[in-house]
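Trainee: Fold the following.
(4 chains)
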Number of protein chains: 2
Amino acid sequence: MTVQHSGGGPAARTLALLWRKQTQRAATKARGRKPTLQLDTVVDTAVALADERGIAAASMGNVAKALGVGTMTLYTYVPSKEELLDLMVDQVLLERGLPGPGEDRPANWRAQVGLYSDETRAMYSRHPWLARVSTIRPPIGPGMLAAREYLLSTMFALGLPPARANLAALAIATYVDSAAGGEAESDLIERSTGQTHDAWWHERGDLWEHYFDVDRYPTMTAVWNDGAGDGSAYGDGTREVTAEAYRYGLDRLLDGIAATA
Amino acid sequence: MTVQHSGGGPAARTLALLWRKQTQRAATKARGRKPTLQLDTVVDTAVALADERGIAAASMGNVAKALGVGTMTLYTYVPSKEELLDLMVDQVLLERGLPGPGEDRPANWRAQVGLYSDETRAMYSRHPWLARVSTIRPPIGPGMLAAREYLLSTMFALGLPPARANLAALAIATYVDSAAGGEAESDLIERSTGQTHDAWWHERGDLWEHYFDVDRYPTMTAVWNDGAGDGSAYGDGTREVTAEAYRYGLDRLLDGIAATA
DNA sequence: GCAATTCTCGTAGGGTATACGAGAATTGGC
DNA sequence: GCCAATTCTCGTATACCCTACGAGAATTGC
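Mentor: Alright, predicted model coming up:
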């Protein structure tokens, strides 16, 4: 089997878009009708639409309408919806103001991880739809690489050897991205359904006494009773508990990593 | 504003389905045409379809076709696609053979968490589509509760006080579910695209030298060079590194949790 | 045997992505 | 100045998706 090389495979096309390499017009002499849009405009519009009304609103038709062009016009700028999504993802990944090599960063490694955490949570908060797009085969653009580089260098600052630093960076990214994504998604659902998380749990809490069998779930019952006094009536449903669990887990993970340094 | 009580709100309907509470026929005297299907059959078929050909293949039309009935017939058994998804999710969550209260379980708490990890990874492996459905407002069925109860009781076994046990259980679940989901999704993509993860990275690796700026990513470069000898040419793209990072992160998280007990 | 009830499912409407191809706009070369 | 080559625009059509509606079939109680 032959692997696609730098020529013109679909992977090459996507990478060229991600890195904004002008393959077409700028390279060859300008000829033919002038484009009315720019790639960045298309991506920005799609992101704005997704931010405001959810990822489903960022359909090709809606994006085109928002730009005042026919739906099919978009396909001049982007080969498919999938590539557009890749571009959207890398664009928002890059929004995080993570310092590059040589730039100022927090003094100690924990604070550096804290910055990654804060920036990532803010990013998900601005773009909740990000949580619902798969990132296992991420768009390898500037945004993704910048974040990887930052976290990795932070683990070096802690003094981990290269291989271990790589493992630690992956573990932290897994935890932070997942938790931040969940948090943002929760907020989005609250906004879009108009029902708070607490109200949602409450709606079901009433019915729990119907199905909930204390003998089958003794520990949950114990936790429930223990926390009944402090206002968090429905356990992990509340915002506070979720946020607290996030901090707790991240701190413990960092504790564990530090212990192996 | 009035909260929906046990009467017949949409939440009540969903809960009744999740817990297989026979609201209709069994309660009232049997009358009218007999159903040709059972709810479980519908859910099983949908799960099987999603397992084999991805979540997109579990459309109402496809499920109906697989069952040999008209599409609209499904709506007698399930109010909407969304509820069907909830049922699918809780069904597979319950597949994990996590011991309930009083049943045999591994001796020490780390092994207990290990069981949760193994069972969860196996579950995602069987049902990769699970990674792509949102679980912030999870179906509150037997499957979800059983897993919560198990993890929580494990944290009690470690000796954590109730509130802290709750935080720890949430943190572990966040990490394990996210990592296991990512792993399974990766496998799914390999199967469905016929392209291994390594091949995918390789396809892009060729192009990296085109866009990759060593000065902007010095740490990545260092890790790359360090690992260049051991066969994992493209860093975290490989299966082995991912699995190793998962174990490393979970162990460090548990270390940290144990230290606060 | 008929009425009440329940399940079945065809049709239709509104959504999605995108392949195709005709037409409009622009410019290089003559 | 004109034409051909090139590039962008976008209407139409196809093939999916979910699901509201309503007509008809099946079953049972009375």
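Trainee: longest helix anywhere in chain A?
Mentor: Longest helix of chain A, by residue count under DSSP state H: helix A:162-193.
Trainee: what about stretch A:177-186, distance to the chain center?
Mentor: The chain centre lies 8 Å from the centre of stretch A:177-186; the measure is CA atoms, centre = their mean, to the nearest Å.
Trainee: And for stretch A:158-165?
Mentor: Distance, centroid of stretch A:158-165 to centroid of chain: 25 Å (CA atoms, centre = their mean).
Trainee: circling back to that earlier point, tell me if the longest helix of chain A is near DNA strand D.
Mentor: No. Using CB under 7 Å from any atom of the strand, helix A:162-193 stays clear of DNA strand D, coming no nearer than 14.7 Å. Placement of C-beta: from N, CA and C, glycine included.
Trainee: Report the angle between that helix and helix B:162-193.
Mentor: 100 degrees (axes from the mean of the first three to the mean of the last three CA atoms, to 10 degrees).
Trainee: so for helix A:162-193, what's the average pLDDT?
Mentor: Across helix A:162-193, pLDDT averages out at 89.
Trainee: any idea which helix or strand comes after that helix?
Mentor: helix A:197-211 (DSSP states H and E).
Trainee: Tell me the helices and strands packed up against that next one.
Mentor: For helix A:197-211, the elements it packs on are helix A:162-193, helix B:10-18, judged by 3 or more CB pairs under 8 Å, 6 or more residues apart in numbering or on different chains; DSSP states H and E.
Trainee: Buried ones in the first one, by neighbour count?
Mentor: Read it as helix A:162-193. A:162, A:164-190 (16 or more other CB atoms under 10 Å in any protein chain shown).
Trainee: before we move on, what about the last one?
Mentor: Within helix B:10-18, the residues that qualify as buried are B:11, B:12, B:14, B:15, B:16, B:17, B:18, counting by 16+ other CB under 10 Å.
Trainee: now for that helix, which elements pack on it?
Mentor: On a contact count with 3+ CB pairs under 8 Å, 6+ apart, helix B:10-18 meets helix A:197-211, helix B:81-95.
Trainee: Format the CA atom coordinates belonging to that helix as PDB.
Mentor: Extracted C-alpha coordinates of helix B:10-18, given in PDB (Å, rounded to 0.1, in the frame of the first residue of the first chain):
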ATOM      1  CA  PRO B  10     -41.800  13.800  30.000                       C
ATOM      2  CA  ALA B  11     -39.200  13.100  32.800                       C
ATOM      3  CA  ALA B  12     -41.700  10.700  34.400                       C
ATOM      4  CA  ARG B  13     -42.200   8.900  31.100                       C
ATOM      5  CA  THR B  14     -38.500   8.500  30.500                       C
ATOM      6  CA  LEU B  15     -37.900   7.300  34.000                       C
ATOM      7  CA  ALA B  16     -40.700   4.800  33.700                       C
ATOM      8  CA  LEU B  17     -39.100   3.400  30.600                       C
ATOM      9  CA  LEU B  18     -35.600   3.300  32.100                       C
END
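Trainee: Among the buried residues of helix B:10-18, which has the minimum pLDDT value?
Mentor: Within these, lowest confidence goes to residue B:11 (73).
Trainee: Could you give the number of residues near residue A:112?
Mentor: For residue A:112, the count of nearby residues is 21 (other CB atoms under 10 Å in any protein chain shown).
Trainee: what's the closest non-adjacent residue to it?
Mentor: Of all residues not flanking residue A:112 in the chain, residue A:154 sits nearest, at 4.2 Å (CB to CB, 6 or more residues apart in numbering or on different chains).
Trainee: cool, and residue A:146?
Mentor: Nearest one to residue A:146, counting by CB to CB, 6+ apart, is residue A:98 at 5.9 Å.
Trainee: what secondary structure does the residue positioned nearest the centre of chain A sit in?
Mentor: By CA atoms, centre = their mean, chain A has its centre lying nearest to residue A:130, at 4.4 Å. Three-state call for residue A:130 (DSSP: H, G, I helix; E, B strand; the rest coil): helix.
Trainee: what about the stretch 51-200 of chain A, any weak spots by pLDDT?
Mentor: Applying pLDDT under 70 to the stretch 51-200 of chain A flags the ranges A:136-137.
Trainee: How about it: which residue is closest to chain B?
Mentor: Using CB to the nearest CB, residue A:171 is the residue of the stretch 51-200 of chain A that sits closest to chain B, at 2.7 Å.
Trainee: my guess is that residue contacts residue B:254, does it?
Mentor: No. With contact defined as CB atoms under 8 Å, residue A:171 does not count as touching residue B:254 (12.0 Å).
Trainee: Around DNA strand D, which positions in the stretch 51-200 of chain A sit nearby?
Mentor: Going by CB under 7 Å from any atom of the strand, the residues of the stretch 51-200 of chain A near DNA strand D are A:69, A:70, A:71, A:72, A:73, A:75, A:76, A:77.
Trainee: Check the gap between the third one and residue A:63 for me.
Mentor: Plainly put, residue A:71 is 8 Å away from residue A:63 if you go by CB to CB, to the nearest Å.
Trainee: Looking only at neighbour counts, state which of those two leads.
Mentor: Between residue A:71 and residue A:63, counted using other CB under 10 Å, residue A:63 has the larger neighbour count: 24 against 13.
Trainee: what's the helix or strand containing that one in contact with?
Mentor: Assessed by DSSP H and E, residue A:63 sits inside helix A:60-67. The contact list for helix A:60-67 (CB atoms under 8 Å, 6 or more residues apart in numbering or on different chains) reads A:37, A:41-42, A:45-46, A:48-49, A:70-74, A:81, A:84.
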